[in-house]
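Sequence first, predicted coordinates after that:
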Amino acid sequence: MDFTHHFRPKNFDEIVGQSHLVSQDAPLRRLCENGSLGHSFFYGTPGSGKTSLSRVIANVMQLPFYEFNATSLKVEQLRKIFDQYENTLQRPLVFIDEVHRLAKNQQEVLLPVMEKNSILLIGASTENPFFSLTSAMRSRSMLFELKRISAQEMNILLDKALTCKGHFACADDAREYLIVSSNGDARAMLKLLEFASALSTEITLELLKSLRPTAQNDGSSDATVHYDLISALIKSIRGSDADAAIYYLARLIKAGESADFIARRLVILASEDVGNANPQALTLTTSAMSSVAKIGYPEARIILAQAVVYLCASPKSNSAYNAINSALKAVEEGVILEIPKNIQQNNKGYLYPHDFGGYVKQQYLTKNLKFVELKDIGYEKKMKEWMEIIKS
């Protein structure tokens, strides 16, 4: 039995997970049920249900469903569909997976029919597709994120699968491994169960591990290990323990963690925890993120290791992190000040600092507010001293 297709939902109530999109009061579901859903793009982790949700939408809205992948999609295929429905009252739902890979000419072909609403376009990607689509495509569409399916929700789906295939037994530890090793990927869990049931009526942990030796994206069958490892890496760097940080980096790499994901977390840390104590940290980690995206494993491990050691050895300051958080809190709490006339757009009374040697005292706030507290650490100490000198 093909578990993936057999358990594909036919309506919103059969979808496991994504309650923010498919519950009775969810805006997406309501738009579909009253026939008002517009062009949409879904993004989320593999196996989170992007294709299944699109098929349910086609069923609910009673639209013909056409499925493509952007990597193999030909413009002629699209035009054939457009011509087929040009003089009809019905419009098709055109689903395009890996939509972030759409070429510019493919997007240009889609624009006119999107504008006329002669089709309903739904795209899906494991990445946020809005960064790769043209502004014209983005302005005509909505974006929805599909969240990773929780262990509890995976358990519900597994119950259905085991009940359907009732002539075999599944040990408790095997059941746990099916869920946690799939890491929120429902398709991966059902595929592993499908292959195992084709080999034996007794689903054991040993059998499952012979088919999938390690958990997807994780180095252990513990459901929380993925997040614990990245947390341990970040905290080790923040604590300047290079050996611990390199160890956790190795654990993440060996577990199959995406180099891009690790690099993105290092960029965030460079700004949040190192900050202006060593401004070069942000430049180096941004360069590392760009490099690993182009190079990939196994060589990307060296680039990541260099960035990790550099961050460990860098002085640490979270003053920028604290400053923006404090300022945002003030705005949220209603501290909305009138902008002084001298720095408004018309510049009445504005004193150009360069005409005064680089600094001149003038009003920038109508009320004294203090958010930035520079620390006596690394380069930030020099910044603090300079600020004090120019204002003295």
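That came through fine. In this text the structure is predicted, and so the values were computed from the model without any measurement.

any idea how far residue 32 is from the closest residue to residue 154 other than its chain neighbours?
Leaving out its chain neighbours, the residue that sits closest to residue 154 by C-beta to C-beta, 6 or more residues apart in numbering is residue 179, at 4.7 Å. In short, each C-beta sits where N, CA and C put it, glycine included. If you measure residue 179 against residue 32 using C-beta to C-beta, to the nearest Å, the figure is 29 Å.

Look at residue 55 and tell me its secondary structure.
Assigned by DSSP: H, G, I helix; E, B strand; the rest coil, the conformation of residue 55 is helix.

Phi and psi next, for the closest residue to it other than its chain neighbours.
Nearest residue to residue 55, sequence neighbours excluded (C-beta to C-beta, 6+ apart): residue 65, at 6.2 Å. Dihedral pair for residue 65: phi -110, psi 130, per degrees, to the nearest 10.

Kindly report the same for residue 169.
Dihedral angles (degrees, to the nearest 10) for residue 169: phi -110, psi 150.

give me every residue that touches the closest residue to it other than its chain neighbours.
Spatially, and ignoring its direct neighbours in sequence, residue 169 is nearest to residue 202 (5.6 Å; C-beta to C-beta, 6+ apart). Counting by C-beta atoms under 8 Å, 6 or more residues apart in numbering, residue 202 touches 168, 169, 171.

how near is residue 202 to residue 208?
11 Å.

Residue 196 contacts residue 203, doesn't it?
Yes: with contact defined as C-beta atoms under 8 Å, residue 196 and residue 203 form a contacting pair (5.2 Å).

picking that back up, what touches both of residue 202 and residue 208?
With C-beta under 8 Å, 6+ apart, residue 202 and residue 208 have no common neighbours.

that older thread, can you name the next helix or strand after the helix or strand hosting the residue nearest to residue 154?
In the assignment (DSSP states H and E), residue 179 maps to helix 172-180. Next in sequence after helix 172-180, counting helices and strands by DSSP H and E, comes helix 186-199.

List the buried residues for the helix holding residue 179?
174, 175, 176, 177, 178, 179, 180 (16 or more other C-beta atoms under 10 Å).

List the contacts of residue 84.
residue 92.

Tell me if I'm right that the residue nearest to residue 154 and residue 150 touch.
No: here residue 179 does not reach residue 150: they are 9.8 Å apart, not a contact under C-beta under 8 Å.

and for the two, which residues touch both?
Common contact partners of residue 179 and residue 150 (C-beta under 8 Å, 6+ apart): none.

quick one: average pLDDT of whatever helix or strand residue 265 lives in?
Per DSSP H and E: residue 265 is located in helix 259-269. Averaged over helix 259-269, pLDDT sits at 93.

what do you get for stretch 172-189?
Rounded mean pLDDT across stretch 172-189 is 86.

Count the neighbours of residue 320 for me.
By the measure other C-beta atoms under 10 Å, the count of residues near residue 320 is 17.

who's in contact with it?
271, 272, 275, 276.

And the strands in this structure?
40-44, 65-69, 93-97, 120-125, 142-146, 169-170, 202-203 (DSSP state E).

Between these, which one is closest to residue 326.
strand 142-146 (28.5 Å; C-beta to C-beta).

Contacts made by the closest one with the rest, please.
Strand 142-146 has contacts (C-beta under 8 Å, 6+ apart) with 17-18, 21, 28, 38-45, 48-50, 53, 128-130.

from memory residue 8 sits against residue 52, does it?
Yes: assessed by C-beta under 8 Å, residue 8 is found in contact with residue 52 at 5.3 Å.

which of those two has more neighbours?
residue 52 (22 against 17).

got a list of what the more buried one touches?
Taking C-beta under 8 Å, 6+ apart, we find residue 52 in contact with 8, 9, 15.

Can you lay out these as a markdown table showing distance to residue 357?
Output for these, formatted as a markdown table (distance: C-beta to C-beta, whole Å):
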| residue | distance to residue 357 |
| --- | --- |
| 8 | 70 |
| 9 | 69 |
| 15 | 65 |
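
ok, those residues vs residue 82, which is closest?
residue 8 (26.9 Å).

Tell me which other helices or strands the helix holding residue 265 touches.
helix 225-238, helix 242-254, helix 280-295, helix 300-313 (3 or more C-beta pairs under 8 Å, 6 or more residues apart in numbering; DSSP states H and E).
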